[in-house]
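Undergrad: generate coordinates for the sequence data below:
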Amino acid sequence: MRDEFSLIRSISPANVHQPSLHVGIGDDAAIYEGAPEMEEVLCVDTMVEEIHFRRDTLTPFQIGYKALAINISDLAAMGATPKFYLVSIAVPPQWSDREIKTLYRGMAECAAPYRMDLIGGDTVSTNAKLVVTVTAVGHVPKGTRLLRQRARPGDVVFLTGTVGQSAAGLELLNKKGLHGPFTEEEELLVLAHQQPQPQVEAGHLFARSGYRIALNDVSDGVASEANELAEASKVKLVLKANTIPLHPAMETFSKEQQLEWALFGGEDFQLIGTAAVDAFASLQQLAIKRGISLTEIGYVEAGSPVVELEEGTARSVLKKSGYNHFAK
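TA: As a prediction, this is how the structure comes out:
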């Protein structure tokens, strides 16, 4: 990148979508007015080239899209409405201005359905790899926020959508490259990896239902996120292997491989949660009306905070297996 100021001018939004924004890009800091009936929700995530993404599996547009989608998914897991985002980017010399602008266009595309405004950030050069850090801001009505610590013995464990498709898409990209060729079914899996869809509407439904719900988003895989729910709530989660919803485009792979990707693949950005039996029955009806897929995949027991996979009469412990940046 050779012209920081040209880049800033090119990514500055022409229009502002959120009326609560008073000062956006162009000053030392952004200023927006929080609504008194809302709680502000903030999250941040960093993507590093060759660790979180590779240029032979994602285009610059898709890297930008995914960088924001990851954060929006965190907001969805809290039941929040996305409002703003900020971007800090460290650019190495092998990335052109055009590619960086395309990356920002990917973010804008991801932000558009939620009318999110880009309100600031930072741009620096580096001699290492590309680093993209996104901070997202949302809000949720007071008293409705969703947390991981609310699971109770007797609850149903549920999941939105299907899982495993992102890992399957990455497998195809690793085998065939960015441009394939791919069958129609394979293209669905590849797109699931490249441009995941955060479950904001489902998060809204859960937050506004009034029910006691524990919730987490599936970024590192069902096993990892279920463990986080168990640890936060100090309960045991039991998942039924034959109930975990798998994407139909994965049928060409073995059942064992599909389940492995569902449990440990990650980056599906669905929502996993728990609710009381009666509450879940009501949530299912509400979800059907909104076209949201909601599947019961297990139950909560009293006990040590672990996750077990139930296959027939046998149970096995599912350990966290998401990416650990500090593992040796």
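Undergrad: OK, contacts around Tyr211?
TA: 275-276, 279, 282-283 (Cβ atoms under 8 Å, 6 or more residues apart in numbering). (Glycine included, C-beta is placed from N, CA and C.)
Undergrad: and Thr133, what helix or strand is that in?
TA: In the assignment (DSSP states H and E), Thr133 maps to strand 131-141.
Undergrad: now for the very next helix or strand once past that strand, which elements pack on it?
TA: Where DSSP H and E defines the elements, the next helix or strand beyond strand 131-141 is strand 156-160. Under the contact definition 3 or more Cβ pairs under 8 Å, 6 or more residues apart in numbering; DSSP states H and E, strand 156-160 sits against strand 236-240, strand 271-275, helix 277-289, strand 294-301.
Undergrad: make a PyMOL selection of the buried ones in the contacts of Tyr211.
TA: For the buried members of those, the matching PyMOL selection, counting by 16 or more other Cβ atoms under 10 Å, is:
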select buried, resi 275+276+279+283
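Undergrad: using JSON lines, lay out the contacts of Tyr211 together with pLDDT and distance to Gly180.
TA: Formatted as JSON lines, the contacts of Tyr211 follow (pLDDT from 0 to 100; distance: Cβ to Cβ, whole Å):
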{"residue": "Ala275", "pLDDT": "99", "distance to Gly180": "40"}
{"residue": "Ala276", "pLDDT": "98", "distance to Gly180": "46"}
{"residue": "Ala279", "pLDDT": "98", "distance to Gly180": "44"}
{"residue": "Ser282", "pLDDT": "98", "distance to Gly180": "43"}
{"residue": "Leu283", "pLDDT": "98", "distance to Gly180": "38"}
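Undergrad: run through the bridge partners of Arg315.
TA: Following DSSP bridges, Arg315 is listed with bridge partners Glu310.
Undergrad: neighbours of Leu68, how many?
TA: Using other Cβ atoms under 10 Å, Leu68 has 27 neighbouring residues.
Undergrad: just confirm it is within a helix.
TA: Yes - assessed with DSSP: H, G, I helix; E, B strand; the rest coil, Leu68 lies in a helix.
Undergrad: which ones are touching it?
TA: Counting by Cβ under 8 Å, 6+ apart, Leu68 touches 85, 106-107, 110-111, 116, 134, 136.
Undergrad: which members of those are positioned in strands?
TA: Under the assignment DSSP state E, the contacts of Leu68 contribute 85, 134, 136 to strands.
Undergrad: which ones are touching the first one?
TA: What that stands for is Tyr85. So Tyr85 contacts 68, 71, 107, 111, 116-119, 134-137 (Cβ under 8 Å, 6+ apart).
Undergrad: how about a cut-off of 6 Å?
TA: Counting by Cβ atoms under 6 Å, 6 or more residues apart in numbering, Tyr85 makes contact with 116, 118, 134, 136.
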